[in-house]
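Trainee: 3D model of this:
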Amino acid sequence: MKKETSNSLNKAFLLDSCRINGALNIISGRWKALIIIHISEGTNRFSLLKNALPTISDQTLGKQLKELEKDTLITKEIIAEVPVRVNYHLTKKGTSLLPILVDLSEWHEPTPAKK
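Mentor: Numbering: from 1, shown residues only. Below you'll find the model as predicted:
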């Protein structure tokens, strides 16, 4: 996104003026919540996450993991073996997000269709 577009300026304004927008920006992305939940349940390697989320592309999974790491929700542990293994773990900040995700899930409980 170009820095001087109205879209970019609006996003910067909203992030600066409302902490909720900042929090939502960190967890936005259609896969991030599921990735966080799977990591919390022990599905903590790329191949395991890929199996748990079969329709996600390798590129998207890698990008989402990098963003979660950049935002300090997960850490990456490199295990020097042949082949090299990488495990992902939730940080304290990532773990503190779990009850919020549960609350969001319950809040979004679909209402029954009207007859």
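Trainee: Give me the pLDDT for Ile78.
Mentor: At Ile78, the pLDDT value in this model is 94.
Trainee: Give me the three-state assignment for it.
Mentor: Under DSSP: H, G, I helix; E, B strand; the rest coil, the three-state class of Ile78 is strand.
Trainee: Nearest residue to it in space, please, no chain neighbours.
Mentor: When the adjacent residues along the chain are set aside, Ile78 lies closest to Val86, with 5.6 Å between them (C-beta to C-beta, 6 or more residues apart in numbering). The way it works is simple: take the backbone N, C-alpha and C, and place the C-beta from them, glycine included.
Trainee: I figured the one you found hits Leu48, correct?
Mentor: No - here Val86 does not reach Leu48: they are 10.9 Å apart, not a contact under C-beta atoms under 8 Å.
Trainee: Go through the lengthiest helix in the chain and flag the buried ones.
Mentor: Ranked by number of residues, the top helix in the chain under DSSP state H is helix 92-107. Neighbour counts over helix 92-107 (16 or more other C-beta atoms under 10 Å) mark 94, 97, 101 as buried.
Trainee: So the residue nearest to Ile78 belongs to a strand, correct?
Mentor: Yes - looking at Val86 with three-state DSSP, it is inside a strand.
Trainee: burial of it, as a residue count?
Mentor: As a burial measure, Val86 scores 13 neighbours (other C-beta atoms under 10 Å).
Trainee: Now do the contacts for it.
Mentor: 45-46, 76-79 (C-beta atoms under 8 Å, 6 or more residues apart in numbering).
Trainee: who does the longest helix of the chain touch, helix- and strand-wise?
Mentor: helix 32-40 (3 or more C-beta pairs under 8 Å, 6 or more residues apart in numbering; DSSP states H and E).
Trainee: List the contacts of the helix it packs on.
Mentor: So helix 32-40 is contacted by 27, 44, 48-49, 52-53, 61, 64-65, 67-68, 73-74, 88-90, 94-95, 97-98, 101, 104 (C-beta under 8 Å, 6+ apart).
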